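1. one predicted model, sequence on top.
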Amino acid sequence: MRSETRLIAARAAGIALLALIAGCSHKRQTPQEPAPPPAAAPQPMPPLGAAPGLQVPEAGPDGRFSTINSGIPAQEQIWHIRAALNVAALSCRDDGALARGYNRFLKDHKPLLGTAYSAETAHFRSAGLPALDRHMTQLYNFFAQPPAQPGFCQAAKAEIDRAVATPAADFPSYAPGALDRLEAPIIGFYAAYNAYRRDLAAWQASPHRTEATQLAAKAAAPAPFSSTADEPMGASWRIQIGAFTGEKAARAAWEQARARIPSLAAYSPHYEPVPGRPDLIRVQLGSAEDRAGAIRLCAAAAVGGFDCLPVVPKGKA
């Protein structure tokens, strides 16, 4: 009986040894799978659908961005607020609330804005009107930057009621904060674009990026924001500087505008009756390929204190 027990134990040990040998043999025959390479990170893309290679300012040593609104006196701040709200009324697509608010702002603060305009022109008097023209163009272009437009339009919608309600006597203390709020989306875009440039440089230096990754990133890139997305194709835009009672008054207004703003002499005026109001004659100027170009042309009219709006001539749309 004891010998039979020893025989069974020996057989069991032999079977276990054979299984162990078989297992070791199997492991030796199976090659070790190599570790997969690190996944290639997608190529960083510009924020808000902006184009690559934009010339965007960098923050200073204190981390702040210097803009056209930095370090200007109180009266110039007021005029810059007017310019920002003018751009918003022209370029932001809403139910018309911004345009109505802007018109109330002009009406309720006419003396305040007149004083601000006089201070603005005096500031550039020594350099001549061309310098003022360039400054106003830069100012309008600053607030009309396409990638930041959605955020800027939201900021302007939130600001317009405050601008209307603020008494003229309180405007010098109100203006700095208002300008900060109006340009905050643009500053945010600058910061995001600088972060993108840093991320792009790091990605370009990475050994794991591949051509396939680049193509995939480009295919997934969002479409750039376009201020002309809803514009008539192939239309030639103008700006309208006002509607006047009778052609004589309209021509007199054009002569006044041309005398006040010599750069407008390069454009031919167009006199058109207002539909349904033949006694009112509109004065329209210039030719631009799109709405953004018309807004830039408005900057020249703003130099002389004229309010304008982009229009597509009848029959061109």
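-> On my side now, so go ahead.
2. doesn't Val56 fall inside a helix?
-> No: under DSSP: H, G, I helix; E, B strand; the rest coil, Val56 falls outside any helix and is assigned coil.
3. surely it touches Ala192?
-> No: here Val56 does not reach Ala192: they are 9.4 Å apart, not a contact under C-beta atoms under 8 Å. Where you see a C-beta, it was placed from the backbone N, CA and C, and this is true even at glycine.
4. off-centre distance for stretch 157-171?
-> For stretch 157-171, the separation from the chain centroid amounts to 23 Å (computed by C-alpha atoms, centre = their mean, to the nearest Å).
5. could we number from 16 for the rest of this?
-> Happy to do that; since the first residue is 16 now, the last one works out to stretch 172-186.
6. run a quick neighbour tally on the nearest residue to Gln160 once chain neighbours are set aside.
-> Of all residues not flanking Gln160 in the chain, Ile201 sits nearest, at 6.1 Å (C-beta to C-beta, 6 or more residues apart in numbering). Close neighbours of Ile201, defined as other C-beta atoms under 10 Å, add up to 24.
7. other SSEs contacting the one helix or strand Ile201 maps to?
-> According to DSSP states H and E, Ile201 maps onto helix 186-220. Other helices and strands packing on helix 186-220, by 3 or more C-beta pairs under 8 Å, 6 or more residues apart in numbering; DSSP states H and E, are helix 89-106, helix 144-158, helix 164-180.
8. and of the ones you listed, who's closest to Cys323?
-> For the helices and strands packed on helix 186-220, proximity to Cys323 was assessed by C-beta to C-beta; helix 89-106 is nearest, at 8.0 Å.
9. ok so, going back, report the inter-axis angle for the helix holding Ile201 versus helix 164-180.
-> 170 degrees (axes from the mean of the first three to the mean of the last three C-alpha atoms, to 10 degrees).
10. list the buried residues in helix 186-220.
-> Residues of helix 186-220 classed as buried by neighbour count (16 or more other C-beta atoms under 10 Å): 186, 189-190, 193-194, 197-198, 200-209, 211-212, 218.
11. go on, stretch 140-155?
-> Buried residues in stretch 140-155 (16+ other C-beta under 10 Å): Leu144, Leu147, Asp148, Arg149, His150, Met151, Thr152, Leu154, Tyr155.
12. tabulate these (CSV), appending distance to Lys125.
-> Formatted as CSV, the buried residues of stretch 140-155 follow (distance: C-beta to C-beta, whole Å):
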residue, distance to Lys125
Leu144, 23
Leu147, 21
Asp148, 23
Arg149, 26
His150, 22
Met151, 19
Thr152, 24
Leu154, 20
Tyr155, 21
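13. tell me which two of those residues sit farthest apart.
-> Leu144 and Tyr155 (16.2 Å).
14. on that earlier part again, what about the residue nearest to Gln160, distance to Phe167?
-> Per C-beta to C-beta, to the nearest Å, Ile201 is found 6 Å from Phe167.
15. find residues that contact each of those two.
-> Shared contacts of Ile201 and Phe167 (C-beta atoms under 8 Å, 6 or more residues apart in numbering): Phe158, Gln160.
16. measure Cys107 to Gly68 for me?
-> According to C-beta to C-beta, Cys107 and Gly68 sit 27 Å apart.
17. looking at the two, which has the bigger crowd around it?
-> Set Cys107 next to Gly68 and count neighbours by other C-beta under 10 Å: Cys107 wins out with 19 against 8.
18. run a quick neighbour tally on the closest residue to Tyr117 other than its chain neighbours.
-> Nearest non-adjacent residue to Tyr117, counting by C-beta to C-beta, 6+ apart: Ala104, 3.9 Å away. Neighbourhood size, Ala104 [other C-beta under 10 Å]: 23.
19. now do the same contact list for Ala104.
-> Under the criterion of C-beta under 8 Å, 6+ apart, the neighbours of Ala104 are Leu113, Ala114, Gly116, Tyr117, Asn118, Leu324.
20. now do 6 Å
-> Listed by C-beta atoms under 6 Å, 6 or more residues apart in numbering, the contact set of Ala104 reads Leu113, Ala114, Tyr117.
21. I'd like these as CSV, with pLDDT appended.
-> Formatted as CSV, these follow (pLDDT from 0 to 100):
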residue, pLDDT
Leu113, 92
Ala114, 89
Tyr117, 93
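22. so which of these comes closest to Ala258?
-> Nearest to Ala258 among the contacts of Ala104 is Ala114, at 15.0 Å by C-beta to C-beta.
23. CA atoms only: put the helix or strand containing that closest one into PDB for me.
-> Counting by DSSP H and E, the element that carries Ala114 is helix 112-123. Only the C-alpha atoms of helix 112-123 are listed here, as PDB (Å, rounded to 0.1, in the frame of the first residue of the first chain):
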ATOM      1  CA  ALA A 112     -30.000  96.700 -30.400                       C
ATOM      2  CA  LEU A 113     -26.300  97.800 -30.700                       C
ATOM      3  CA  ALA A 114     -27.100 100.300 -33.500                       C
ATOM      4  CA  ARG A 115     -30.000 101.700 -31.500                       C
ATOM      5  CA  GLY A 116     -27.900 102.000 -28.400                       C
ATOM      6  CA  TYR A 117     -25.100 103.600 -30.300                       C
ATOM      7  CA  ASN A 118     -27.400 106.200 -31.800                       C
ATOM      8  CA  ARG A 119     -28.700 107.000 -28.200                       C
ATOM      9  CA  PHE A 120     -25.100 107.300 -27.100                       C
ATOM     10  CA  LEU A 121     -24.300 109.800 -29.800                       C
ATOM     11  CA  LYS A 122     -27.500 111.800 -29.100                       C
ATOM     12  CA  ASP A 123     -27.200 111.900 -25.300                       C
END
